[in-house]
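*Asks:* sequence? don't have it. structure:
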């Protein structure tokens, strides 16, 4: 019983998301995407993911700084930074679109 | 097919004929074609590369066509958008709308293009004499989308 409680205290929420970088941001990050693992946050959002990237320093800190024009999508749907993310989600990060 | 993303060029006449098929209730067909210009923001453009987000781009275009069909009394609609390397004068995008009357056809076509410009995941990179440059989104496009 006590061992079970100890296990629960040491295992925090593990989140694994597939990140996709597009257009100018793919070039800035020199990467088309990666798998990111996060732990600790009970209600992870897109902002949680972005914060983790910012903590790496530049270029992420610069390109994803608050106020920069960046857009997000979760599982192929446009999303705000406040959108919740779940384990296994695909989170895309890209500049404002310029099609048409 | 309601939407297509492709590298190949499209034949406007053939696409219109295929969309209207033999629907005799159609009294109006509105079409918009976007093409590559050779000048943008005071720079000579020798070509551009269009990037998209496979999976999301098609879904976004489908959603735009679905919304056009919900908001406007139209018979059918089609969006074809090219990706890859294009040169000045090349066709980029086609929007065709069929309806009974011209008012709805014009409005739905303009709506689809205005929303596509701000919500469809495509990005343009221009080739200039001294290098390459990513096109920046325009405030005027956001304003155009907001009028709907």
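*Replies:* Yes, it's here. All figures in this text were calculated on a predicted structure; none of them were measured in a lab.

*Asks:* can you tell me the helix or strand for residue 25?
*Replies:* Since you didn't name a chain, this refers to chain A. Element membership for residue A:25 (DSSP states H and E) is helix A:23-29.

*Asks:* look at chain B instead
*Replies:* If you go by DSSP H and E, residue B:25 is not part of any helix or strand.

*Asks:* tell me how many other residues surround it.
*Replies:* For residue B:25, the number of neighbouring residues by other C-beta atoms under 10 Å in any protein chain shown comes to 9. C-beta: built from backbone N, CA, C; applies to glycine.

*Asks:* how near is it to residue B:18?
*Replies:* 17 Å (C-beta to C-beta, to the nearest Å).

*Asks:* after the helix or strand hosting residue B:68, which helix or strand is next?
*Replies:* Assigned by DSSP H and E, residue B:68 falls within helix B:56-71. Beyond helix B:56-71 in the direction of the C-terminus, DSSP H and E gives the next helix or strand as strand B:76-82.

*Asks:* write out the residues of chain A neighbouring chain B.
*Replies:* Within chain A, the residues that sit near chain B (C-beta under 8 Å from any C-beta of the partner chain) are A:20, A:22-24, A:69, A:73, A:76-78, A:92, A:94-100.

*Asks:* just the buried ones out of these, please.
*Replies:* If you count burial by 16 or more other C-beta atoms under 10 Å in any protein chain shown, the buried members of the residues of chain A next to chain B come out as A:20, A:22-24, A:73, A:76, A:78, A:92, A:94-100.

*Asks:* in strands, which of the residues you listed appear?
*Replies:* Mapping these onto strands (DSSP state E) picks out A:20, A:73, A:78, A:92, A:94.

*Asks:* right, and the second one touches residue B:55 too?
*Replies:* Going back to what we said before, that points to residue A:73. No - between residue A:73 and residue B:55 there is no contact under C-beta atoms under 8 Å: 9.8 Å.

*Asks:* contacts only, for the nearest residue to residue B:114 once chain neighbours are set aside.
*Replies:* In this structure, residue B:114 finds its nearest non-sequential neighbour in residue B:144, 4.4 Å apart by C-beta to C-beta, 6 or more residues apart in numbering or on different chains. Going by C-beta atoms under 8 Å, 6 or more residues apart in numbering or on different chains, residue B:144 touches B:114, B:117-118.

*Asks:* tell me the SS of residue B:144?
*Replies:* helix (DSSP: H, G, I helix; E, B strand; the rest coil).

*Asks:* ok, it to chain A distance?
*Replies:* Distance, residue B:144 to chain A, using C-beta to the nearest C-beta, to the nearest Å: 10 Å.

*Asks:* pLDDT wise, what is that residue at?
*Replies:* Residue B:144 carries a pLDDT score of 90 in this model.

*Asks:* report how many residues lie close to the nearest residue to residue B:64 once chain neighbours are set aside.
*Replies:* Nearest-residue entry for residue B:64: residue B:115, 5.1 Å, with adjacent residues in sequence omitted and distances by C-beta to C-beta, 6+ apart. Look at residue B:115: counted by other C-beta under 10 Å, it has 22 neighbours.

*Asks:* do I have it right that residue B:115 meets residue B:146?
*Replies:* No - here residue B:115 lies out of contact with residue B:146, judged by C-beta under 8 Å, at a distance of 10.3 Å.

*Asks:* thanks again, I'm all set now.
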